[in-house]
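Peer 1: Sequence and predicted structure, then a few things I'm wondering about:
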Amino acid sequence: MQRVLAIGGGGFLMEDSPSPIDRLILELTCKPSPRVCFIGTPSGDMPEGIEKFYSAFPETKCSPSHLAFFRKPSRGSVPLASFRQHLLQQDAVFIGGGNTKSALGVWREWGLDDVLREAYASGILLSGMSAGAMCWFETGFTDSFWGAGYQPLPCLGLIKGACAVHYNMDPSRREALHASIETGALSAAIAIDDFSAVLFEGGSLSRVYRWGSGAGACLVNAYSGKVLEVCCESLLLADFPD
């Protein structure tokens, strides 16, 4: 089964305490000690993000590793000469947040975009937060152009349609998304709040999770010339026991 877990915001990169969404990633692999690889390209492989990954995914719970294009090799890093082989042996791959457009450019130069498509086809759980959520869709609604406002950006195309993240935290993002749908620049989008995530299975929306007050996700479409938001049913994630 091909699966993508798109996180609107939250998890180890945003929360100071253990998050239920991080533990859900491990559970979804259905492995006692899953192999999990973190890719922090959207943030330029910031060391702080890599450190937070290893804190949230310690060796006591999984077999963690990371792929970094901008940093010298360090403990747990994947050799760039053999990253394809490594990634295709993982149970889950997680993409961090940052600049979606810049990350896609780096991935295409290195051929990582094709490897991620192979990983998806082979049934490896693909996940990510913010830029790491939008990248899996045909289109991400992003501010990666910095200074040009929110715009549609062609992405990897594993999931049909468009995706917007941090939806409940930024009114200007919501307004810009509605305007893009009104003008026909986008036909529809799934909008994911902070502290919520959407699971796609076989390319179709399967489940919405939330672990924050008022969080969730909605489908944003145009009907009879008006933009409507249809809220998705969601499952509340309680804290998992250690």
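Peer 2: Done, it's in.
Peer 1: So which residues of the protein form helices?
Peer 2: Using DSSP state H, the helices of the chain run over residues 20-29, 47-56, 83-87, 100-110, 112-121, 131-134, 171-183.
Peer 1: quick check: angle from the first one to helix 47-56?
Peer 2: Spelled out, it's helix 20-29. 60 degrees (axes from the mean of the first three to the mean of the last three C-alpha atoms, to 10 degrees).
Peer 1: what's helix 20-29 packed up against?
Peer 2: Other helices and strands packing on helix 20-29, by 3 or more C-beta pairs under 8 Å, 6 or more residues apart in numbering; DSSP states H and E, are strand 3-9, strand 35-39, strand 92-95, strand 125-129, strand 196-201. Bear in mind the C-beta positions are built from the backbone N, C-alpha and C, glycine included.
Peer 1: Helix 20-29 and the second one, what's the angle between them?
Peer 2: Comparing the axes of strand 35-39 and helix 20-29 via the same axes, to 10 degrees yields an angle of 130 degrees.
Peer 1: Parallel or antiparallel, list what pairs with strand 35-39.
Peer 2: Paired neighbours of strand 35-39 in the sheet (DSSP bridges): strand 63-67 (parallel), strand 92-95 (parallel).
Peer 1: what separates the first one from the chain centre, distance-wise?
Peer 2: Read that as strand 63-67. Centroid separation for strand 63-67 versus its chain: 17 Å, with C-alpha atoms, centre = their mean, to the nearest Å.
Peer 1: is it true that Ile181 touches Val227?
Peer 2: Yes. The criterion here is C-beta atoms under 8 Å, and Ile181 meets it with Val227 at 5.1 Å.
Peer 1: list residues touching both of those two?
Peer 2: When contacts are counted by C-beta atoms under 8 Å, 6 or more residues apart in numbering, Ile181 and Val227 have Val220, Asn221 as shared neighbours.
Peer 1: Looking at those two, which is more packed in?
Peer 2: Ile181 (21 against 16; other C-beta atoms under 10 Å).
Peer 1: so how far is Cys155 from that one?
Peer 2: Distance of Ile181 to Cys155, computed by C-beta to C-beta, to the nearest Å: 17 Å.
Peer 1: now do Glu15
Peer 2: Using C-beta to C-beta, which is the criterion applied here, Glu15 is 25 Å from Cys155.
Peer 1: and if you look at Glu201?
Peer 2: For Glu201, the distance to Cys155 equals 19 Å [C-beta to C-beta].
Peer 1: In terms of neighbours, single out the busier of those two.
Peer 2: With neighbours defined as other C-beta under 10 Å, Glu201 and Cys155 compare such that Cys155 has more, 23 against 13.
Peer 1: My guess is that one contacts Ala131. True?
Peer 2: No. With contact defined as C-beta under 8 Å, Cys155 does not reach Ala131; the gap is 9.5 Å.
Peer 1: what about the closest residue to Asp193 other than its chain neighbours, neighbour count?
Peer 2: Spatially, and ignoring its direct neighbours in sequence, Asp193 is nearest to Asn168 (3.9 Å; C-beta to C-beta, 6 or more residues apart in numbering). Counted with other C-beta under 10 Å, the neighbours of Asn168 add up to 21.
Peer 1: hang on, isn't Asn168 packed against Asp194?
Peer 2: Yes. Asn168 sits in contact with Asp194 when judged by C-beta under 8 Å, with a separation of 6.1 Å.
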